[in-house]
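Asker: Sharing a sequence plus its predicted fold:
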Amino acid sequence: MRTRAHIDDSPEKTVRQESATEPAVEVRGLRMRYGTTDVLGAVDLRVERGEVVALLGPNGAGKTTTIEILEGFRRRSAGEVRVLGTDPERGDEAWRARLGIVLQSWRDHGRWRVGELLAHLGRYYAPYGAPGRPRPHDVAELLSLVGLAERAGARVADLSGGQRRRLDVAVGIVGRPDLLFLDEPTVGFDPRARREFHGLVRRLSDLEDTAILLTTHDLDEAERLADRILILAGGRIVADGTPARLAAQVSREAEVRYSLDGEPRARSVEDATGYVRGLFERHGDAVGDLEVRRASLEDVYMEMVREFESGKAAQAPAELTAEAAGEAA
Ligand SMILES: Nc1ncnc2c1ncn2[C@@H]1O[C@H](COP(=O)(O)OP(=O)(O)OP(=O)(O)O)[C@@H](O)[C@H]1O
């Protein structure tokens, strides 16, 4: 988790520290069945206050289902779920006001002006301000946070695709949420819009202490943004850790590439630092083009999903196994 020293300086220190002990999300044994199909077998996961967590997984793994259950939009089949200390199935308006959800529906409000739309939606949050967390966001501040300060007076219909997506995010965070859900937030972004969006997510986490749970298929994005990565496959979390820790789990070896008198060489070693030191001791200036490559998140992801798929029968939820057996018979 990132440090947030500036928040500790606030007069609301005591209040914030008390609530900071409770995780933003705590899930145990979450199961979800659609008809006769078990999509989530037994999901356990936790998101701490202010933490950015990326939920990865192949198509159909159940990422959106999980997020919708946490948002209180979908009833789970079984399991314990606490979001900001409350069961989402029993969440009231005050609870909902502490969540941020990024939807795409605001694009339909084409005739609204950007600033007016945010001021209008922000009014809903006004009764739910808390010490150290005034609600809603000041519109001018919010527009500059999402990089839309210049577009305050523009009609929604006149925004570019990237600007509309930033407006979607602004709408999601206008209530200064304690927890923000982002389901595949950067689909369709060009590289610049993606980079700007990453900056925004980091600012929300660092400056606003917002916990963020995002789903993505972009491994580079997950690695850049997330404090922690969860991989969902076959209805379970099959990996949970920082990108570096997951990489170390998959391979303790790093590949050292270099050239010796212009001749390219490569070697896989456990102690890359020691190997490189020895290389220079032995060959000095004859060593060039040095590159040390650890397992990438993509290597980790492919390995985890492959491992899960190869041992599917053993790891699948009981019902899935029973069904598979039934089909085979
Ligand atoms: N309302 C529903 N009724 C029946 N099945 C559903 C329903 N919603 C989702 N599913 C099924 O549940 C599974 C998980 O879907 P979900 O959308 O949660 O996956 P996902 O991990 O978000 O996938 P993607 O990466 O493709 O967005 C899929 O097989 C999907 O077809």
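Answerer: Yes, it's here.
Asker: those helices in the stretch 51-200 of the chain, which residues are they?
Answerer: Shown for the stretch 51-200 of the chain, the helices assigned by DSSP state H, counting those that start in this stretch span residues 63-71, 93-96, 114-122, 139-145, 161-173, 191-208.
Asker: and of those helices, who's closest to the ligand?
Answerer: helix 63-71 (3.3 Å; Cβ to the nearest ligand atom). For the C-beta atoms, the positions are set from N, CA and C on the backbone; glycine is no exception.
Asker: can you redo the helices of the stretch 51-200 of the chain as a markdown table with distance to residue 305, mean pLDDT and mean neighbour count?
Answerer: A markdown table is the format used below for the helices of the stretch 51-200 of the chain (distance: least, Cβ to Cβ, whole Å; pLDDT from 0 to 100; neighbours: other Cβ atoms under 10 Å):
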| stretch | distance to residue 305 | mean pLDDT | mean neighbour count |
| --- | --- | --- | --- |
| helix 63-71 | 13 | 94 | 22 |
| helix 93-96 | 34 | 94 | 14 |
| helix 114-122 | 39 | 95 | 20 |
| helix 139-145 | 36 | 93 | 17 |
| helix 161-173 | 28 | 88 | 21 |
| helix 191-208 | 24 | 86 | 17 |
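Asker: Can I get those in CSV including distance to the ligand?
Answerer: Shown next, in CSV, are the helices of the stretch 51-200 of the chain (distance: least, Cβ to the nearest ligand atom, whole Å):
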stretch, distance to the ligand
helix 63-71, 3
helix 93-96, 21
helix 114-122, 26
helix 139-145, 28
helix 161-173, 17
helix 191-208, 18
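Asker: who's in contact with residue 84?
Answerer: 22, 24, 95, 98, 99, 178, 179 (Cβ atoms under 8 Å, 6 or more residues apart in numbering).
Asker: where are the low-confidence patches of the stretch 1-150 of the chain?
Answerer: By pLDDT under 70, the low-scoring segments of the stretch 1-150 of the chain are 1-20, 104-108.
Asker: Strands along that one, start to end?
Answerer: In the stretch 1-150 of the chain, the strands defined using DSSP state E, counting those that start in this stretch lie at 25-34, 37-47, 52-56, 78-83, 99-101.
Asker: on that earlier part again, save the helices of the stretch 51-200 of the chain as CSV, and put in distance to residue 53 too.
Answerer: Shown next, in CSV, are these (distance: least, Cβ to Cβ, whole Å):
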stretch, distance to residue 53
helix 63-71, 11
helix 93-96, 20
helix 114-122, 26
helix 139-145, 21
helix 161-173, 17
helix 191-208, 10
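Asker: Nearest residue to residue 214 in space, please, no chain neighbours.
Answerer: residue 182 (3.9 Å; Cβ to Cβ, 6 or more residues apart in numbering).
Asker: Go ahead and build a PyMOL selection from the buried members of the contacts of residue 84.
Answerer: Buried residues within these, by 16 or more other Cβ atoms under 10 Å, are selected in PyMOL with:
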select buried, resi 24+95+98+99+178+179
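Asker: what's the farthest-apart pair in the contacts of residue 84?
Answerer: 22 and 99 (14.7 Å; Cβ to Cβ).
Asker: Go ahead and confirm residue 230 touches residue 56.
Answerer: Yes - contact status for residue 230 versus residue 56: in contact at 6.9 Å, counting by Cβ atoms under 8 Å.
Asker: Report the buried residues of stretch 204-221.
Answerer: Buried-residue list, stretch 204-221, by 16+ other Cβ under 10 Å: 204-206, 208-216, 218-219, 221.
Asker: What of stretch 29-46?
Answerer: 30, 31, 32, 33, 38, 39, 40, 41, 42, 43, 45, 46.
Asker: just the residues you listed now: which is nearest the ligand?
Answerer: Of all the buried residues of stretch 29-46, the one sitting nearest the ligand is residue 39; the distance, using Cβ to the nearest ligand atom, is 4.2 Å.
Asker: For the residue lying closest to that closest one once chain neighbours are set aside, the count of nearby residues, please.
Answerer: The shortest distance from residue 39 to any residue other than its chain neighbours is 4.5 Å, reached at residue 62 (Cβ to Cβ, 6+ apart). Per other Cβ atoms under 10 Å, the neighbour tally for residue 62 reads 25.
Asker: Between the helices of the stretch 51-200 of the chain, which one is closest to residue 282.
Answerer: Closest approach to residue 282 among the helices of the stretch 51-200 of the chain (Cβ to Cβ): helix 191-208, 41.2 Å.
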